[in-house]
Structures are given as structure tokens and as C-alpha cells.
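Peer 1: how would this look folded up:
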Amino acid sequence: MSDNYRLSIVLPAHNEESNVATAIERAAEAASRLCSDYEIVIVDDGSTDATADVVRAEAAENPHVRLVSHDKNRGYGEALHTGFRAATMDLVFFTDADNQFDFEELEKVLPLSDRVGVVAGYRKVRQDPWRRRFTARVWNVVVRALFYVPVRDIDCAFKIFRRSVLEEIDIESVGAMVNTELMVKLGRSGHGVAEVGVTHFPRTSGKARGATPKVVFMAIRELRRMRHRLREMDVHTQKGTAETPTQQAS
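Peer 2: Below is the predicted model of the structure:
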């Protein structure tokens with residue numbers, strides 16, 4: 001495997017003081033072995049615990065680590081968007097700071113990025129509590145009924161993009177809908193997508209927030225808004241095509 005990869009690792013974090021140091025250290029260990037250059041961008045999304053202080057301590061020891069902070073909790077989608085804008089490397093990988101994924105599995109993901117614009121992980125065995133698995137299953141059914149989605153595990157937080165591909169996508173979601181928005185818009189863009197099975201671990205500390213009523217209701221609102229916007233875009237495209245005069249052969 002070539003080590004000529006320049007990789008930005010984006011880790012959104014909200015109240016992850018018990019997890020983030022381990023996540024940074026594991027990310028750095030894998031990236032330093034697999035890549036010619038890397039950066040780890042931690043987006044502290046308005047944490048009320050010591051997450052930012054822990055990241056600053058890690059950054060003092062490793063110049064590849066950067067902290068970007070939100071003054072208040074803006075949501076998972078905003079945290080990812082901030083991290084993507086801050087990324088400077090050719091490839092952008094994101095996962096969560098809760099240590100539910102194995103950074104060493106980047107070894108099988110990075111080579112695929114040579115051939116496609118996006119490599120998306122899918123959890124071979126999902127280790128979340130049953131309520132979260134049930135919510136995710138219902139969400140998948142709803143989303144697939146409304147849109148074409150080019151991956152089997154829409155919300156898996158283990159994805160790597162070419163930065164040029166991310167720059168083409170207008171990310172509007174501020175909450176948990178962001179993964180769905182990314183995958184739906186990528187499916188419409190025509191960029192190649194590869195999938196790879198990844199290991200998923202149960203969360204051992206901190207608190208998951210992905211299936212709270214507030215998060216779910218926001219995701220539903222954003223889903224409706226995205227469907228409306230995409231319909232408007234389709235109508236505009238069809239109208240523009242219809243109004244383009246047909247050129248006559250000479």
C-alpha cells in the first residue's frame with residue numbers, strides 16, 4: 001500500500017472529555033503509519049465539559065492536532081461542516097470522537113479512495129442499543145422511499161471523501177440529517193462510491209444523543225426541507241432544458 005496519502009481526520013465532539021484523548025491518539029497512530037501527511041481536526045461543538053481542554057493538551061504534544069471550537073452547541077451537521085471547511089488535505093475522513101470505530105481500518109479504506117470520490121463504511125454488526133437501532137431502521141426505510149441512496153448504511157460515521165468532492169456539495173443540514181444529505185446529494189452527483197464493512201464497538205463512556213426526540217424531530221424537518229429543495233432544483237433543471245433551443249444541423 002502506498003503511503004502517499006494526505007489525510008484530514010475530522011472528529012466532531014460534544015461533551016466527549018472521557019473519549020477524545022483516546023480518539024486522537026488512535027487516529028494519530030494509524031495516520032502516521034498509513035499517510036505521508038495528516039491532520040486531526042477536532043470540532044468542539046459547544047461542549048460544557050473539559051473536551052476543549054483535553055484537545056488543547058493533545059495539540060501541545062502533537063502539532064498535527066488542531067482544535068476548532070463553536071461558542072455554543074450548533075448540532076452535528078454544523079460540526080461536520082466546520083470540520084470540512086477547516087480541512088486542508090487531499091482526502092477528508094470523518095468519524096465520531098466516541099471510539100466506536102477502529103482507525104486501523106483506514107488501511108483497507110484508503111486504497112479505495114484512489115478510484116472513487118467517496119468510500120463509505122457500513123457497520124458489519126451494529127452495537128448500538130435496540131432503541132437506536134430501531135430508530136435507524138425506520139429512518140432508512142423513510143429515506144429510501146423518498147430518495148436514491150447509493151450506500152447501505154446511511155448514517156455510518158466512517159467515510160472518506162476527496163476534498164474536491166466535498167467542495168461541490170452544499171451542506172445545509174445542521175443536525176443528524178447531515179449524513180443522509182451527503183449521501184443523497186452524492187448519489188445525484190454521479191461521483192463513484194465504494195463501500196467497505198467496518199467494525200463497530202459499543203460506546204463505553206459518554207452519552208449518545210443521536211436518537212433523542214429533539215434530534216429526531218430536527219432531522220424530520222430537515223428531511224422535508226431537503227426534499228422540497230431538491231424538487232425545486234429538478235423543476236428548474238427540467239425547465240432550463242426545455243427552454244434550450246434545439247440546434248438544427250447545417
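Peer 1: quickly note the distance from the residue most central in space within the chain to residue 53.
Peer 2: In the chain, the centroid-proximal residue (CA atoms, centre = their mean) is residue 94; its distance is 5.1 Å. Going from residue 94 to residue 53 by CB to CB, to the nearest Å gives 23 Å. Using the backbone N, CA and C atoms, a C-beta is placed for each residue, glycine as well.
Peer 1: so where do the helices sit in the chain?
Peer 2: 20-34, 51-61, 76-86, 106-109, 130-146, 163-166, 178-189, 213-243 (DSSP state H).
Peer 1: would you format those helices as CSV with distance to residue 44 included?
Peer 2: Formatted as CSV, these follow (distance: least, CB to CB, whole Å):
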stretch, distance to residue 44
helix 20-34, 9
helix 51-61, 5
helix 76-86, 8
helix 106-109, 23
helix 130-146, 23
helix 163-166, 21
helix 178-189, 17
helix 213-243, 18
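Peer 1: least confident of the ones you listed, on average?
Peer 2: Here the lowest mean pLDDT among these goes to helix 213-243, at a mean of 67.
Peer 1: isn't residue 157 right next to residue 179, touching?
Peer 2: Yes: counting by CB atoms under 8 Å, residue 179 is a contact partner of residue 157 at 7.3 Å.
Peer 1: who touches both of the two?
Peer 2: Common neighbours of residue 157 and residue 179, using CB atoms under 8 Å, 6 or more residues apart in numbering, do not exist here.
Peer 1: before we move on, back to that, contacting residues for the residue nearest to the centre of the chain?
Peer 2: Contacts of residue 94 by CB under 8 Å, 6+ apart are 9-12, 80, 83-84, 157, 159.
Peer 1: and for residue 95?
Peer 2: Listed by CB under 8 Å, 6+ apart, the contact set of residue 95 reads 9, 11, 101, 103, 157-159.
Peer 1: rerun at 7 Å
Peer 2: 11, 101, 157-158 (CB atoms under 7 Å, 6 or more residues apart in numbering).
Peer 1: biggest separation within the residues you listed, which pair?
Peer 2: The span of the contacts of residue 95, defined through CB to CB, is set by 11 and 158 at 11.9 Å.
Peer 1: kindly provide the distance from residue 71 to residue 160.
Peer 2: 29 Å.
Peer 1: who's more crowded, the two?
Peer 2: More neighbours surround residue 160 than the other of residue 71 and residue 160, with 26 against 7 (other CB atoms under 10 Å).
Peer 1: apart from its chain neighbours, what residue comes closest to that one?
Peer 2: Spatially, and ignoring its direct neighbours in sequence, residue 160 is nearest to residue 93 (4.3 Å; CB to CB, 6 or more residues apart in numbering).
Peer 1: which residues sit in contact with residue 122?
Peer 2: 151-153, 156, 195, 197-198.
Peer 1: now, which of the residues you listed lie within strands?
Peer 2: Of those, the ones assigned to strands by DSSP state E are 195, 197-198.
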